[in-house]
Structure formats: structure tokens, C-alpha cells
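Peer 1: I'll drop the sequence and a predicted model, then ask my questions.
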Amino acid sequence: MTKDLIVPVAEGLYCPPGNFHIDPWRPAALAVITHGHSDHARWGSGAYLCHEDCAPILRRRLGDVRIETLRYGESRDIGEVRLSLHPAGHVIGSAQVRIERRGEVWVASGDYKLEADGVSAPFEPVPCDVFITESTFGLPIYRWRAQAEVMADINSWWAENARAGRASVMQAYGLGKAQRLLKHLDANIGPIVCHGAIEPLNQIHRDLGIALPPTFNVGALDKAGLSRCFALAPPHAVQSGWIRRFGDHSDAFASGWMRLRGNRRRRGVDQGFALSDHADWPALLQAIAATGAERILVTHGSGEALSRYLREKGYDARPMATEYGDEEGEAEPNVDVDTDGA
Amino acid sequence: MKTFATLFRRIDAATSTQHKRQALIDYLRLAVGDPEQYASAAWTVYFLAGGKPRQMISTKLLRQLALEATDLPEWLLDECYHSVGDLAETLALLLPPPTRMEDAPLDLWMNERLLPLRERDDAARQAALREWLDAMPSDDRLPFFKLVTGELRIGVSKLQMTQAIAQATELDAKLVAQRMMGYTQANRAPQAQDFIALVAPAEAGEDGRPLRGQPYPFFLAHPLQAPLSAFPELLGAVDDWLVEWKFDGIRAQFIHRAGEWWLWSRGEELVSDSFPELAALVDFLPDDIVLDGELIVVAPRSDARSAVDDLSDLRPFSELQQRLGRKVLTPKMLRDRPVALIAYDLLEKDGHDLREKPQRERRALLEEAVSRTHACAMQVGADLPLRLSPALTQPDWESFARQREEARARGAEGMMLKAMNAPYGVGRQKSGANLWWKWKLDPMSVDAVLIYAARGHGRRSGVYSDYTFGVWSGPPEQTDRTLLPFAKAYSGLSDEEMRKVDATIRRTTIENFGPVRSVRPTMVFELGFEGIGASNRHKSGIAVRFPRMLRWRQDKPVEDADTIEALHALLPGGGA
């Protein structure tokens, strides 16, 4: 039996023949980063390797660190393995990590979704022998409606509020979800305000050639503008003084967790829109099948359930413990984590 | 179903009581103006006011249906259910999208589809459901399954429904409350004319007088939490108050009109059949009379007692509970656990509504009526299941406070304070001088350790919010002592505290048993409860009533939590 190309160790997922880590949660010598969310791109490693569109996000998040970049499909030999990055469709610059040694291929998915979001490069299935998949929404209760439908709902919620003269305040993760919303908002309805924690990430997207509608600082709008604006803020900002600038407003939260009523009610917002940057249950199964892999390792989310289901379908599948998402990999939404873009 | 589902979603999405009420009012205004909607509105009001029809489809059948429709293994359905925390929602999320669309009003759903299902066999039920669900828009499924599984739980109370009807129809809220009495009984199938009767303009002379067996809305009490020192300012002189024991039974209204009798519980369920011994009252009580009081189990005896306010033989609530759960009342049960009605108010006499009369006057009439009834029974040597709640007298509030300490020994939970000059109100009145106060003893409490946790439901679905607590089997010097589970509690924590406890539970899990986790003992809570009794159903040998978390004792190490001895000392007749 050949040795595994990727194993979980104390620092994170480790590739012994290449001597590097993937998304390590503790400092490592070389960290290959799948995407810029903070539970995957952590501080302290000696050097970072990521997709070129991910690099500006890493710099903003981690400061002046050593970063090397690859384009999708471009490969690099590291130790005994050949490594390449492939689109994961999660957020801009997100990548699946393909590792090949003597004809054996492993792919670590990072976070991914199948539906094209208009911002990130769409997911591409990568044939492999062993597929390491996420499972944030790895239960059959999670099935997303098409992006166009959800965005139509969001735009009509905004339009209705604008007609009634109140602002629409949307809570969303700052990297990925925010820009995806911006991309598909109907800017004819009114002006769009972005919280100070989101605007720099918008700028990174614009610099990378993603066309986004104009966005304003809250202070730049007069009362009339505020009364029909769409405002985007990370979840933690809604308790701050920032929110008070809008006066009477309707609020909402955009996240896959909003599919469940209990989460919507705990959030205490007027509207919960189930819009996620992760694969839903059918998409997980489809992505897994498309790789042709027989061995599946399931990381954060519903690792136990998804791997048991896969075993019953004939796969060699088992959960793989990681520290992505929430503690013990159960990324549940009752804690405000502005990390995994759920 | 679409109209109901739309209303359901609007109420469910409302983040304030104000929005919720507005949704109800908007719906009712439309319904009142559209005779075609009366029949479905009758059901809508029934469900939103808390009505629960007897089971139409079993949970088992629904699960089978879901397994068949989704082709999922059963364990995965369970996994989904634990994650969602609500079967209705789980089913709504899992079923594949419909293949065609159809909409039928709620009354048709209830009267022609769901209620008749009770008469069919499982195969027929399943076939019918399969066909209906295949034509049901995905958005309507959650409210549909909520109805079918028996609980809406969207936070509308009967009182809110009453107020919304009053506001939408511009009727007096008291009148609507009267018309709503008994509306949500389990075995009722409300029809268009019931809705019409609810919202019709007040007729001349209609003063909210109940018809035949219909009860009056119960007047409910507020907890009195002020310190004793504030009593004189808050309440005034003791002479202005009727002070009674607060009994630990079931609040009930006994109605005797035109030779018939009815017994209603506070939940507005007709419970006459559960307490057949009260039929004996009819032979001695005058006609056209309505009593408000408390049902409680008393010691069995055959001869008449001398004093009608003798309450030396009251039994604990747990004995009443044993009678409640029964489908069939055996003669032995009736013999061993007879109930009596302890009367404390007179709402109607000779067919006249007395509720506007001051308490003082009603009390005098009550005493007269009960004494006379008792005297009649004495003559024939009958022991009537009727008592009079004694009026307690003391010179000042301090003396009442001292007397209140005897409450538990007398099978009471504390005292009731009722203003002598006040009329009998409707429901739980918000403010004013005419309130009823319940002045309960402080709950008994122990410091207990959290040992198991389960995920909650509804607003707490997915969060570990339901806990089992244990106390030590022995003192600290006993090295092999263990934690004995004795109570479950899920209320008393703030959302913030619950989030922290939830996180700690996830960190300290020892083992998963389905939805339940055992945890390493690290958290101590002060657990309050209203009553305590011996029980052979619990490992600890103890059962407590209304347990809830009073405080999270983050200052207290697990070793310092209480022992089983502390609980034993609280038992009636126990060491304390």
C-alpha cells in the first residue's frame, strides 16, 4: 500500500512527500492556501502559496508575508510531488489543490460550490484517486434555490423597502458573499452602502477586473439616499453605532444557514436569505461523483453523516478531523464567525 | 392552504409583537369582508389561538412517507431531524419539489381531507398524502406539516388572537374573549357560522353573557415579587384585601345551568368527563350558578365532614397528575384519589353575571351559597366534593408573611391577594389596582451539575439548550460518589449564557447518544423548583416540579454542588 499523500497532523493537512501544509491552522514552513477566509488562511507560516487572485486578500489579511502565486492549471514541483491549483468556485481566487506523485492523484477541495456566482472562476471537477471534500452543508436538508431566484427575492425585498422609505440592511460575510450580492443587485433601485470592513475587499475585486456597482460610505449619503439604500455589513457590525445611521430599517442575513427556521429566528432579522458559497447536498454528491475518486475524505461540517452515506453507496469514505469552520468541525451558525463564508 | 401559509410566514417572520399583531389584523379584516373565506377563517383562528385537533396522521406514517419519497436511509432522516429540531420542518425541507400545483382552502383541507383520514387505514392515508403533497407548493409545506403534526408554535397566544379580532372588528375585547371561550377545544371542527359568531357586531343586550355550558374568561393572577417592606405602599391596608392560600391544583370553572353541569379547565378544555364525581354537586347546588376554584385530590372518606373550609386532607399535585393522564378512570382510581373543588369565587348566581360586583360582595355570596349547599348535603350525610377556600386574616402584612411560611405544609404554594373592591376581570390584566396577585413562596433550590444536554426545538433548534442535572450521591470525602440525575430544565438562561453553555457542552462532550450528549461535569447551576416528591421512576428517587435554572454558578466548582441529602431534606416530612 502506498503512503497517503495528505495526512492530518497537529498543524493541519500535511503532504509528507512535498513537505508542505494545506490551509494549516498552526504556523508551518510552507502553507498552500485554498482561499482567503480566515479559518483557512491563518497567520504565522514561513511562506504562502496560493492562486494569484487570492494573494491580494492574503496580503490585506496577513500583512507583509512571503507569497508565491500560481494560475489555475499551472503546476509546480515541490519535493516529490507535482502541485497545481484548480477553480473551486467558492470565492475569488479559491482553489482545489491537486497533488500528483507517480500517477497517483489527490485533490483537496478547500471550500467549494458548483453554481457559477459571476465573481469567482466556476468550479471544475478534477479527476483523482482520493478526494478530500468539505461538508459544511452535508445533510440532505440543504438544497439551494438557483442564485437568480434568490437574488430576485433580495432585489424585490430591497425595492419594497425603498418604496416604503426605509433602508435595507443586509448582513453578509465580507469576503465573497458581499461581492456576490453586489454583483447581482439591481443598482437602479437605489444607492448601495458598504461598511468599512467590506469596502477594501470590494476594491480588491475591482482591481482584479470584477465589475461591481458603485458603493458608498454611509456618511456620503443624505437622508433621502439612506432611506432607500441597500447597506451591506459584516454580521458583527450590526450591534455598532454604524447601524443607527439608518434609522428605521429592515434587516436581513444572507447565508446558507438561513435555510433553517431556527437559525432565522435566532438571528432575529426580518428576512433570512439562503444564499451560500458552499455546495449543498446534491452538489456535494455530484462533485464527488465527477472526480471519479473511490476514496473520499470528508472534512468540516457533517463529516460523519456524509461519509457514512458515501460508504453505503460503495465509496471508501471516512471523516477527517480539521479545525476549519467552528470548533470540532461543526460549523454551526449560533456563533458569529465571520470566517467561512457560509 | 396558500392564504394560511402566507399568513403563517408573515407571522413567523415578524420580529416584534407589533408586526405580528398587524399581520393578524390585516388577515382578519380581509377575511371578515369576504364571506367565501369564513369557513377557512374559522380554522385559521382555531389554529392560531392554539387549537390542536386530535392526531390525524401519525409521526411514524409521516416518516415512512419521507423515506419513500426521498430514498434516504432512516438514520440520515434522524440526523436531519436532530439538526433541524422539528419534524414538520425536516419533512418540508426534505421532500422533492411538487410535480403539479393545486391550492385548496384550509377548511376543505381540514373537513374533507385531513379529519376524514382518521377513519382510514394507514395504506389509504399514505396514498392520499402522497398525492396531495405532490401538488403542494414547497412554500406551503412547513405550515401544512405544522398543522398535521399538531403544533404551530409561532408565538401567537389566545390573548393576542382575541385582541386582534377585537381590533379588526372594532368589538369590545371582553366580548370577543367571551365569544372565544371554548373555541379551541380539541374535538371541535369550527365552521363558517362559528367565525361569523365570533366577528358579528354586538347584538343589543349582548353583554358578553355566556350561553348554556359556556364558561367565563378566567381572571388570571400576576406574580407579586415586591419585598415585604413595599407592601403597604403597593397594596395599602390588609383590610382591603382578600387573602387566601394559593392551592397547587388545577384551576377550574364549574357551571350549573338548567339542570346540566360543565367543568372547564383554565386551558378552556371541557374536562367534565375526567371528574365525574363532581356530578354530585348538581343535587345540592342551586341552579344557574358558576363557581371558580381549584381542583385538588383529597383523602378518601365516606362520611360528611363538619366544616366546609376544612382543608387538612389535601394531597400533592402529583396525585392529581396520576388522574389526568388516564384515558379510562377506574373505580379504584376514583375511590383512592377523589377530587374536590375548592371554590374561591362566584361568577354567576340565579343566572346573573356577578363579575362587575366587588370581590367583597362576591365573597359573601359565595360563602352563603357554599355553606347552604354543604348544610343540605349534611342533612343526608353526603360528603360533597366541594370546599370553601378559607379567607385568611392577620393584623398586618408581616403576620401574613409569617403565616405564608406554613404554605407548603398545607399543600399550598403561597398566598393569593385579591382587592376587596375589585370586579372579576378578564385574562391577565396589564395594570391597575384591581389585579389578583399570587404571592408564592420562593422556589426551593439546590446547586446541581449539568451532566447531559440535548438540542432544543423551535427557536433553539440546533443549540444544546435542554439539560439534565445531577447532584452528588454522597459527601466530598466519599471518593466513589457519583452524580445522580434528578431533573431536566431548559429555561432560565439568557441567550448569551446559553450560547456559552452550548459552546462548553461541545468542548466537553464525552459521548453522543443520538441527539443527547453526556458531558464532563464542569458547570454548576442553581436549580429552582416548586415542589418535590419521592418517585420510583427516577434513579435519584426524587421528582421535582417546574425545575428551572435560577443562576449559572460560574463561581462554584463542581465538587461544591449539593448532594442527594440536600434534596431529601426538602421532601415533605424530610429532615429540615
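Peer 2: On my side now, so go ahead.
Peer 1: quick one: B:Leu171 and chain A, what's the gap?
Peer 2: Counting by C-beta to the nearest C-beta, to the nearest Å, the separation of B:Leu171 from chain A is 30 Å. Bear in mind the C-beta positions are built from the backbone N, C-alpha and C, glycine included.
Peer 1: Excluding chain neighbours, give the residue nearest to that residue in space.
Peer 2: B:Ala202 (6.1 Å; C-beta to C-beta, 6 or more residues apart in numbering or on different chains).
Peer 1: pretty sure that neighbour is touching B:Asp172, no?
Peer 2: Yes - using C-beta atoms under 8 Å, B:Ala202 is in contact with B:Asp172, at 7.0 Å.
Peer 1: Name the residue of the stretch 101-250 of chain B that lies nearest to chain A.
Peer 2: Of all residues in the stretch 101-250 of chain B, B:Leu142 sits closest to chain A, at 7.3 Å by C-beta to the nearest C-beta.
Peer 1: Give me the contacts around whichever strand or helix holds that residue.
Peer 2: Remark: B:Leu142 resides in helix B:138-149, with elements defined by DSSP states H and E. Here helix B:138-149 makes contact (C-beta atoms under 8 Å, 6 or more residues apart in numbering or on different chains) with A:261, B:1-2, B:4-5, B:8-9, B:47, B:56-57, B:59, B:62, B:87-89, B:91-92, B:95, B:97-98, B:114, B:133, B:136, B:152-154.
Peer 1: Can you read off the backbone torsions of the residue of the stretch 101-250 of chain A found nearest chain B?
Peer 2: At 4.2 Å from chain B, A:Ile141 is the closest residue in the stretch 101-250 of chain A, using C-beta to the nearest C-beta. The phi and psi values for A:Ile141, taken as degrees, to the nearest 10, are phi -70, psi -20.
Peer 1: next one: B:Asn434
Peer 2: Backbone phi and psi, for B:Asn434 under degrees, to the nearest 10, turn out to be phi -100, psi 20.
Peer 1: What helix or strand is the residue nearest to it when sequence neighbours are not counted located in?
Peer 2: Using C-beta to C-beta, 6+ apart and skipping the chain neighbours, the partner closest in space to B:Asn434 is B:Ala422 (3.6 Å). Under the assignment given by DSSP H and E, B:Ala422 is not contained in any helix or strand.
Peer 1: hmm, which helix or strand of chain A has the shakiest average pLDDT?
Peer 2: The helix or strand of chain A with the lowest confidence, counting by mean pLDDT, DSSP states H and E, is helix A:261-267 at a mean of 84.
Peer 1: is chain B contacted by that helix?
Peer 2: Yes - judged by C-beta under 8 Å from any C-beta of the partner chain, helix A:261-267 and chain B are in contact via A:261-266.
Peer 1: tell me what that helix is packed against?
Peer 2: helix B:2-13 (3 or more C-beta pairs under 8 Å, 6 or more residues apart in numbering or on different chains; DSSP states H and E).
Peer 1: Would you mark the buried spots in the helix it packs on?
Peer 2: B:2-5, B:7-13 (16 or more other C-beta atoms under 10 Å in any protein chain shown).
Peer 1: near chain A too, which of those residues?
Peer 2: Residues of the buried residues of helix B:2-13 in contact with chain A (C-beta under 8 Å from any C-beta): B:12-13.
Peer 1: can you pull the pLDDT of the closest residue to chain A within chain B?
Peer 2: Using C-beta to the nearest C-beta, the single residue of chain B nearest to chain A is B:Ser461, 3.2 Å away. pLDDT recorded at B:Ser461 is 74.
Peer 1: and the stretch 1-150 of chain A, which of its residues are near chain B?
Peer 2: For the stretch 1-150 of chain A, the contact set with chain B under C-beta under 8 Å from any C-beta comprises A:139-141, A:143.
Peer 1: Which elements pack onto the helix or strand where B:Gly293 lies?
Peer 2: B:Gly293 belongs to strand B:289-297 when assigned by DSSP H and E. Packing contacts for strand B:289-297, counted by 3+ C-beta pairs under 8 Å, 6+ apart, involve strand B:250-257, helix B:317-324, strand B:339-349.
Peer 1: how about a cut-off of 6 Å?
Peer 2: When contacts are defined as 3 or more C-beta pairs under 6 Å, 6 or more residues apart in numbering or on different chains; DSSP states H and E, strand B:289-297 packs onto strand B:250-257, strand B:339-349.
Peer 1: near chain A, which residues of the stretch 451-576 of chain B show up?
Peer 2: B:459, B:461-463, B:506 (C-beta under 6 Å from any C-beta of the partner chain).
Peer 1: Drop anything exposed from the residues you listed.
Peer 2: B:459, B:461-463, B:506.
Peer 1: Straight-line length of stretch B:150-161, end to end?
Peer 2: Using C-alpha to C-alpha, to the nearest Å, the end-to-end distance of stretch B:150-161 comes out at 18 Å.
Peer 1: which ones are touching A:Leu114?
Peer 2: A:123, A:279, A:283 (C-beta atoms under 6 Å, 6 or more residues apart in numbering or on different chains).
Peer 1: nearest residue to the last one other than its sequence neighbours?
Peer 2: When you say that, I think you mean A:Ala283. A:Leu114 (4.4 Å).
Peer 1: Give me the local confidence score for the one you found.
Peer 2: For A:Leu114, the pLDDT comes out at 97.
Peer 1: Could you do B:Leu365 as well?
Peer 2: Looking at B:Leu365, its pLDDT stands at 97.
Peer 1: Over to B:Ser371?
Peer 2: For B:Ser371, the model assigns a pLDDT of 92.
Peer 1: What's the local residue count around it?
Peer 2: B:Ser371: 13 surrounding residues under other C-beta atoms under 10 Å in any protein chain shown.
Peer 1: Now do the SS call for the residue nearest to it when sequence neighbours are not counted.
Peer 2: Distances taken as C-beta to C-beta, 6+ apart place B:Val308 nearest to B:Ser371, at 6.2 Å, with adjacent residues excluded. Judged by DSSP: H, G, I helix; E, B strand; the rest coil, the three-state class of B:Val308 is coil.
Peer 1: List the buried residues of stretch B:57-73.
Peer 2: Neighbour counts over stretch B:57-73 (16+ other C-beta under 10 Å) mark B:57, B:61-63, B:65-66, B:69-70, B:72 as buried.
Peer 1: From the chain's centroid, how far away is it?
Peer 2: Centroid displacement of stretch B:57-73 relative to its chain, using C-alpha atoms, centre = their mean, to the nearest Å, is 31 Å.
Peer 1: ditto for stretch A:121-131
Peer 2: Computed by C-alpha atoms, centre = their mean, the chain-centroid distance of stretch A:121-131 equals 17 Å.
Peer 1: What mean pLDDT does that stretch get?
Peer 2: The pLDDT scores in stretch A:121-131 average 97.
Peer 1: buried stuff in that stretch?
Peer 2: Those would be A:121, A:123, A:125-126, A:128-131, for stretch A:121-131 by 16+ other C-beta under 10 Å.
Peer 1: for stretch B:532-549, same thing?
Peer 2: By 16+ other C-beta under 10 Å, the buried positions in stretch B:532-549 come out as B:532, B:540, B:542-545, B:547-549.
Peer 1: How far does that stretch stretch from one end to the other?
Peer 2: Start-to-end, stretch B:532-549 (C-alpha to C-alpha) is 16 Å.
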